[in-house]
Structures are given as C-alpha cells and as structure tokens.
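Q: how would this look folded up:
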Amino acid sequence: MHYLECPRWHDGRVWVADFYGHVVVSANEDGSDRRVEAEVPGQPSGIDWLPDGRLLVVSMLDRTLLRREPDGTLVVHADLSGHLTGHANDMVVDGQGRAYVGNFGFDLMSGADIELANLVRVDPDGTVTVVAEDLWFPNGSVITDDGLLLVDETFGNRVSAFEIRDDGSLGERRDWARFGDLPPGRSLAEALPVGVVAADGCGLDAEGMLWIADALHGRAIRVREGGEIVDEVTTGTGVFACGLGGADGRTLYLCAAPDFAAEARAAAREAQLLSVRVDVPHGGRP
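A: Predicted coordinates for the structure are as follows:
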C-alpha cells in the first residue's frame, strides 16, 4: 500500500484508507480477502458510517465528504471547501449521524508556516457548520461514551476535549491531555523540535484511555486523561494512525510507513497495516 489512514473495524472486517492508492479497502481480521470498497480520486482520508450503515469518506483534495449508496455509487454528502483552509482530513460520526471533520489548515507538504484550523460538523442533510476554531492541525478524533469529542492536535502537543451538546454544537475547548507547550512560532522549524507527541490518528478503549499514533516518533502510545503515557508500541517505522478492532476488540491496528512525505509515499508501496494484541478492548466511537 502507499500510505494508510483511519483503521476502522466494521461488519467483521478491518477497513482503511490508502491516500495515494486512492482507495478504501477492507480485509478480514488477519488481512486476508482484501476488497476495494470505494475508489476516491480526490484522495481518501477519514472514514466512518452513518447510523443506517452507509459509508462516509473524506475526499481530501477536493474537500468534500462522500457517501456510498446501497448500490455502491459514491455521491457528495457535503461540500466542505468553503469552510476549510487545508486538505480535509480525519473524521468521526456521532450516534445521530453528525460528522466532525478536521483539516490541515495550511500546505503541510510544501513546508508552509502553520495556520490554525477549524473543525466542522456535517449534519445528516449535508449542512456544514464550523464548530471549533484555532486548532493546531485537528487530526484523529473519537467520541467517548459520555459524549465528549476528543481531537488530536498534531502540532499542539495536546488532545482537546469538547462537550457535544444536544444540537451538535460544541462546548468550550479544554485540555484532555497535554504533552508539552504550544510551539513558540508558526514555522515548522520552530514547531517540530518541541513536539513531544505529534498526535495523529487515534482510538479509544473501554477504560477511557486513548491509543494515539505519534507521527514524529514511530510509536503508538496509550494515554490516560491528563497526558500520562501508560503503554507504548514501537514498530521501527513511522506510525500515523491506529485503532482497536478484531472480533473481541483487542487488536490494535497500526498504519505504518517510512514517513509522511507525499511525493515519496505516492511513488512507493511501502506502507503496512500492522496489528498487536492488547488487554483492553475497544470503546467509544468510532
């Protein structure tokens, strides 16, 4: 594969998006019987499902949210382009079918300075609303059983928490976990050296702890609220997303690749979906 994102467990299979392969694929728990579930020319990223079982896929480059109909066709669920300042990225869907979608905020691959980004909510009818602003690269997201939206901020050394109100709006941002200070400036040269944890994709477990892919340090970490790291998995390569699945919810899937450079990853097939067994099963959403 080229570069994998957003491992999800659904209908007895593990699903994952391949950015530069332009496909969403699924497979059995052990990786066998691989199927192409959707072809996304605009580069797939976040995936999740509506309550009625239809698949939603973020199309990064054209900044749209796609929906797979029962006959397999992809249609535009929502146009996000008027609300985002960078590539659309990761996503989580709540129990009412509302999708919360982050974005890069700036042109990461060209080395531009960091620009703070917003988070949008897409309602089931496709209406798009900005629900949070000034985030340091909002990335992997989960929803806890008690209704908190947790959002990894890759360049912010933190995971932010928002209460999801009944109408889908969000409460004030607060730190759920903090690993270090915010960068002293907006250039990548200033931000990268102070990145204690570059929180990328993530998955929640049944004890309310968060498995986080640390994009700069080749590992996945299990984090308690407040920021204490209680477990760690290293792979010898980059880890950019993770999530729990398997028949008993105790398989941690890891999206691994040598790096996240677009040109290098598009030109090679060096990405892997790895797995490791853990003690505590999946929790929350997705």
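Q: Distance-wise, check the closest residue to Gly227 other than its chain neighbours relative to Gly203.
A: Spatial nearest neighbour of Gly227, excluding adjacent residues (CB to CB, 6 or more residues apart in numbering): Ala177 at 4.0 Å. No exception for glycine: its C-beta is placed from N, CA and C like everyone else's. The spacing between Ala177 and Gly203, counted by CB to CB, to the nearest Å, is 14 Å.
Q: Val101 now?
A: Val101 is 17 Å from Gly203, by CB to CB.
Q: ok, back up a step: between Ala177 and Gly203, which one's more packed in?
A: Gly203 (28 against 23; other CB atoms under 10 Å).
Q: what's the burial count for Arg250?
A: Using other CB under 10 Å: Arg250 sits among 17 other residues.
Q: just so I have it, where are all the helices in the stretch 101-250 of the chain?
A: For the stretch 101-250 of the chain, helices defined by DSSP state H, counting those that start in this stretch occupy the ranges 188-191.
Q: Now do the same contact list for the residue nearest to Gly227.
A: Residues in contact with Ala177 (CB atoms under 8 Å, 6 or more residues apart in numbering) are Arg158, Val159, Leu210, Val223, Arg224, Glu225, Gly226, Gly227.
Q: How about the contacts made by the last one?
A: In this case it means Gly227. Neighbouring residues of Gly227 by CB under 8 Å, 6+ apart: Ala177, Arg178, Phe179.
Q: Give me the below-cutoff pLDDT ranges for this structure.
A: For the chain, no stretch has pLDDT under 70.
Q: ok, 90 please
A: Scanning the chain for pLDDT under 90 picks out 106-111.
Q: quick check: longest helix of it.
A: The helix that spans the most residues within the chain, counting by DSSP state H, is helix 262-267.
Q: Just after it, pick out the following helix or strand.
A: Using DSSP states H and E, the next helix or strand after helix 262-267 towards the C-terminus is strand 272-277.
Q: Go through stretch 196-212 and flag the buried ones.
A: Buried residues in stretch 196-212, counted by 16 or more other CB atoms under 10 Å: 196-205, 209-212.
Q: before we move on, what about stretch 182-199?
A: Across stretch 182-199, burial judged by 16+ other CB under 10 Å covers Pro183, Leu188, Ala191, Gly195, Val196, Val197, Ala198, Ala199.
Q: Same question for stretch 62-76.
A: Residues of stretch 62-76 classed as buried: Asp62, Arg63, Thr64, Leu65, Leu66, Arg67, Arg68, Leu74 (neighbour count, 16+ other CB under 10 Å).
Q: Beta-bridge partners for the residue nearest to Gly227, please?
A: Under DSSP bridges, the beta-bridge partners of Ala177 are Val159, Gly226.
Q: Walking through the stretch 151-286 of the chain, point out its strands one by one.
A: 158-163, 174-178, 199-204, 210-214, 219-223, 229-234, 238-245, 251-257, 272-277 (DSSP state E, counting those that start in this stretch).
Q: Redo these as JSON lines? Include distance to Glu133.
A: JSON lines is the format used below for those (distance: least, CB to CB, whole Å):
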{"stretch": "strand 158-163", "distance to Glu133": "12"}
{"stretch": "strand 174-178", "distance to Glu133": "15"}
{"stretch": "strand 199-204", "distance to Glu133": "19"}
{"stretch": "strand 210-214", "distance to Glu133": "23"}
{"stretch": "strand 219-223", "distance to Glu133": "24"}
{"stretch": "strand 229-234", "distance to Glu133": "29"}
{"stretch": "strand 238-245", "distance to Glu133": "24"}
{"stretch": "strand 251-257", "distance to Glu133": "28"}
{"stretch": "strand 272-277", "distance to Glu133": "33"}
